[in-house]
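1. Let me see the structure of the following:
(one chain, ligands or ions: 1)
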Amino acid sequence: MDIRKWEDFIDQEKERGVNLAILIGGEPTLCLDRVEAFYKRLSTFCATNGLIKIPRDRFPDMMLGISLWGGEEDEKILRGKDTFTVSSRNYEGDPNVYYLYTLTPRQIGKIESVIRKIRNVGLKVHMQLLSNDEGVDGFYWKPEELNDLRSEMDDVLGKYPDTVISCKYYHEIITTGKMFARSFGWGECPSVTEPLDNRNPRPKRLIEFIRWASDLTTMHRCCTSETRDCSTCKDGAAHMSWVMVNKRAHMRTTKDLQNWIEVYEMFAKLYQFIPW
Ligand code: SF4
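-> You can find the predicted model right below:
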C-alpha cells in the first residue's frame with residue numbers, strides 16, 4: 001500500500017534497463033496511484049476491463065488495451081455482463097485505446113460484427129486467441145476451427161485495415177503455432193522470466209524480461225497463469241515476441257523479412273513506439 005515502495009521498485013527496474021511496463025490483472029485501474037507511479041517514470045501500457053474511466057488529464061496519452069470476449073451475448077455468458085456498452089462509452093474515439101479481443105471457438109463466424117461495432121465507436125482492435133486454462137468444455141481448439149479462424153482474421157484485416165491492428169503472418173503463427181519447421185512451446189517461448197529460465201540450450205528470448213507479482217517480490221514463470229500448459233498456449237504477445245526475437249531466421253527470403261517487419265510494426269503500434 002505504500003506508494004514509495006512502488007516508486008523505488010520502478011526506479012530499480014529502470015536501472016536494470018527496463019524500458020516498458022505492462023500492467024495487467026486483476027484490474028489496474030482500481031489502484032491509479034500505482035499506475036501513475038509507472039506512467040511518470042516509464043513507457044506504460046495498461047490492460048483493463050474498461051469499466052472505470054481513467055482520467056485523461058492525469059494520464060493524457062497512456063495506451064490502454066480493453067479486454068473483450070465477443071459480442072453482447074458471449075460477453076454475458078463468459079463474463080456475466082456486456083462490458084462493451086460501458087467501456088465503449090468511457091473511451092469512444094480515444095486515440096490511445098484499443099480493444100484486446102480474445103477469440104474463442106464460439107467466435108467463429110461472428111468476428112466481423114464485433115469489429116464493426118469497434119470501428120463505429122472510433123477505436124482500434126487487436127485479436128488474440130483463448131488458451132483454455134480452466135479446461136472449460138467446448139472451448140478447446142480443433143485444427144479445422146483454427147484454419148477457419150485464420151481465414152476470418154485475414155478477412156477482417158482486409159476489410160477493416162484502419163481498425164484492425166494485425167498482420168497475416170501473425171494470424172498464421174498464432175493459429176498454427178509453427179514458425180518455419182519449429183513448434184511454439186516451452187522450448188521456444190521468448191517470454192519466460194529471465195531469472196527462472198533454466199532452459200538449456202536457451203532459445204532466443206526477450207532481454208531481461210520479468211513478470212513480477214504485485215507484492216513486488218514474487219516472480220512468475222511468464223506473463224500467463226502458472227498452470228497454463230505450454231503445449232497448448234496461445235498467448236498472443238508471446239507468439240508476437242517469438243517472431244520478433246528470431247530476426248535472423250527471417251532473413252532468408254524477401255517475403256520472410258517482410259513478414260518479420262509487419263509483426264514488428266504491429267508490436268510497435270500496440271505499444272506506442274510508432275503511431276497507428
Ligand atoms: S505458458 Fe505460454 S507464455 Fe508461458 S512459458 Fe509456456 S509457452 Fe511461454
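2. Helices along the stretch 1-150 of the chain, start to end?
-> The residue ranges that make up the helices of the stretch 1-150 of the chain, judged by DSSP state H, counting those that start in this stretch, are 3-15, 32-39, 72-79, 83-91, 111-120, 143-159.
3. Output those in CSV; the columns should cover mean pLDDT and mean neighbour count.
-> To be clear about C-beta, it is placed using only N, CA and C from the backbone, and glycine gets the same treatment. Supplementary listing: those in CSV, determined by pLDDT from 0 to 100; neighbours: other CB atoms under 10 Å:
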stretch, mean pLDDT, mean neighbour count
helix 3-15, 98, 14
helix 32-39, 98, 19
helix 72-79, 88, 15
helix 83-91, 97, 18
helix 111-120, 98, 17
helix 143-159, 97, 15
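4. Cys222: neighbouring residues, count only.
-> Neighbouring residues of Cys222 were enumerated by other CB atoms under 10 Å; the total is 22.
5. Check the spacing between the closest residue to Leu129 other than its chain neighbours and Arg228 real quick.
-> Taking CB to CB, 6 or more residues apart in numbering, and ignoring the residues beside it in sequence, Leu129 has Lys234 as its nearest neighbour in space, at 3.9 Å. To Arg228, Lys234 is 9 Å away according to CB to CB, to the nearest Å.
6. Find residues that contact each of these two.
-> In the contact map built from CB atoms under 8 Å, 6 or more residues apart in numbering, the residues linked to both Lys234 and Arg228 are Ser131.
7. Of those two, which one has the most company?
-> Lys234 (21 against 17).
8. Rebuild the helices of the stretch 1-150 of the chain as a markdown table, extending it with distance to the ligand.
-> Conversion of these to a markdown table gives the following (distance: least, CB to the nearest ligand atom, whole Å):
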| stretch | distance to the ligand |
| --- | --- |
| helix 3-15 | 20 |
| helix 32-39 | 22 |
| helix 72-79 | 21 |
| helix 83-91 | 25 |
| helix 111-120 | 23 |
| helix 143-159 | 16 |
